[in-house]
Structures are given as structure tokens and as C-alpha cells.
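Chemist: whatever this is, show me its structure:
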Amino acid sequence: MLREVRAVRYVTALREGGSLPGLVAGDDDGLYVAKFTGAAQGRKALVAEVVAGELARRLGLPVPELLRIEVDPRIALGEPEQQVQELVQASAGTNLGMGFVTRAFGFDPLAFPVDPLLAGQVLWFDALIGNVDRSWRNPNLLVRDGALWLIDHGASLIFHHNWPRAAASARRPYDAGDHALLRFAPDLAAADAALGGLVTDELLREVLALVPDVWLVDEPGFGSADEVRAAYAEQLGARAAGPRDWLPELAA
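Modeler: Take a look at the predicted model:
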């Protein structure tokens, strides 16, 4: 289970993303980026954050801590912006928190070089989860002390927006044409050799177990949260099993 903290103060809105995440203080004195169930993207974006983020972590990629943030709507009573108040009021209960990476700045592909091995692993991972939100326009990468951090995976796992047709998308090729790390000659062959065999059924079940039940219940077509977990694991397992012809072909 993800670690749980209680939000005790809404600090400020973060306007880089369309979901209006907020910086909140937890009852453990930590600072966290909170992503709310009441945002337009809904709870499926939070499911994608946990599944993709925790899968990345187990593949050795750098991801900030993900945790459960319990939100009492009263924490936003002092917030002057009506939009923020309404968002927090619509998000009572369990939300997603991400550890706030202090002293970090946004990744600039023109200023920060990335090793081809790491670039290949990030691109391989994004192709696995179908991440459409790692473009040079919006890399969703942070840099701190020369190290790269992967954030914001809510736009991945697009198949869960249409479960009846999900299986048909398991082999869908990944379009890497706008990927933020393409200019660094990503070594996809090395990434596939290193990571391909790690995405096992056991690993996927471990990751899916971290998703709170409250984000999975009442999913149309499923009888329980565990049935939804099994569908995610089956979909990702089928994609990872190979042949991995969904990997992009990169120009030499």
C-alpha cells in the first residue's frame, strides 16, 4: 500500500498542468504535489499516475515518491480563488500525492544532455505505457543536481478509457516523433534487452495492488476493484510479452 498522509494546509496552486495540481503540506511536515480526484481528468488519471510511476520505479527509473493524500475540503477555505475551492471541495477523501522535488527545474533538452542508455530506457518505458505527454513541448521531466526525474504520467494507459477495445490496442505502435529525448540517440536495443524481461505478471500484480480501491470501484463492466486490477495487468502483460514490435524505429 502507498504511504498515507493527511493534508493539513493548501499552500499554492501549480499551474503548469491542466489538472490544476496543488502544493499541500502534510501532517508529517512534508510538502507534496497533490493531484485531485475532482479534476477534469478524474480518478483514471490518478490510476495511471500510480501504475506508470510505480512501474517506472521498479524498472530503475527515477520517480518521486507517490503516496495517498487524504484531503479535507476545509484546507482550501482560505484560498481566494473560487476554482481552487471548488476543486478541493470536489476531492474529499483519497487523492494522489507526489513528493515535492526541491531545488529542481524543468528539463530543457537544449541545455541538459542525457546519456543514450537512460534516454533509451525512458523512451522504452513511455512506449510500453503509451505515454503521449513526454514531448519536447512538455517533457514532464525535472532536473535536480544533474539528475533526471520522471513526473506526470496521468496521460498514459489510454486504453483504460475504452475497456471494450483495450485488447485491440495492446500492440499499437508508439509514435516517438515528438519525444523529448529523441535528440539524444536513445539506445532502444539496450533498453529492450535490460527492461523487457523485468515486466512480469508478478511485478504487474505488485504495482496494481498499490492502486486504492476507491479509484477502481464502480468501473463499468467490472464487478470489483480486483477485476479492474487484473484487466490492467493483462493489458500491460500482453504488451510487454513480445514481440515488442510496438517499439518505434529510430533513424540511425
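
Chemist: where does Glu227 fall, secondary structure wise?
Modeler: Using DSSP states H and E, Glu227 falls within helix 225-241.

Chemist: which elements pack onto that helix?
Modeler: helix 42-58, helix 116-129, helix 201-208 (3 or more CB pairs under 8 Å, 6 or more residues apart in numbering; DSSP states H and E). Where C-beta positions appear, they are placed from N, C-alpha and C, glycine not excepted.

Chemist: can you name the element that comes right after the first one?
Modeler: Just to be clear, that refers to helix 42-58. strand 66-71.

Chemist: pairing partners for that next one, with directions?
Modeler: strand 4-13 (parallel), strand 93-99 (antiparallel) (DSSP bridges).

Chemist: domain parsing for this structure?
Modeler: 4-99, 105-241 (automatic domain parsing).

Chemist: is it possible to get a markdown table of those domains that adds mean neighbour count and distance to Glu249?
Modeler: Below are those laid out as a markdown table (neighbours: other CB atoms under 10 Å; distance: least, CB to CB, whole Å):
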| stretch | mean neighbour count | distance to Glu249 |
| --- | --- | --- |
| domain 4-99 | 18 | 22 |
| domain 105-241 | 17 | 9 |
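
Chemist: OK, contacts around Asp126?
Modeler: Neighbour list for Asp126: 134, 156, 174, 176, 179 [criterion: CB atoms under 8 Å, 6 or more residues apart in numbering].

Chemist: which one of these sits closest to Pro21?
Modeler: Nearest to Pro21 among the contacts of Asp126: Ser156, at 16.3 Å, using CB to CB.

Chemist: pretty sure Val207 contacts Leu55?
Modeler: Yes: with contact defined as CB atoms under 8 Å, Val207 reaches Leu55; the gap is 5.1 Å.

Chemist: poorly predicted segments of the stretch 151-252 of the chain, please.
Modeler: 251-252 (pLDDT under 70).

Chemist: now with 90?
Modeler: 242, 249-252 (pLDDT under 90).
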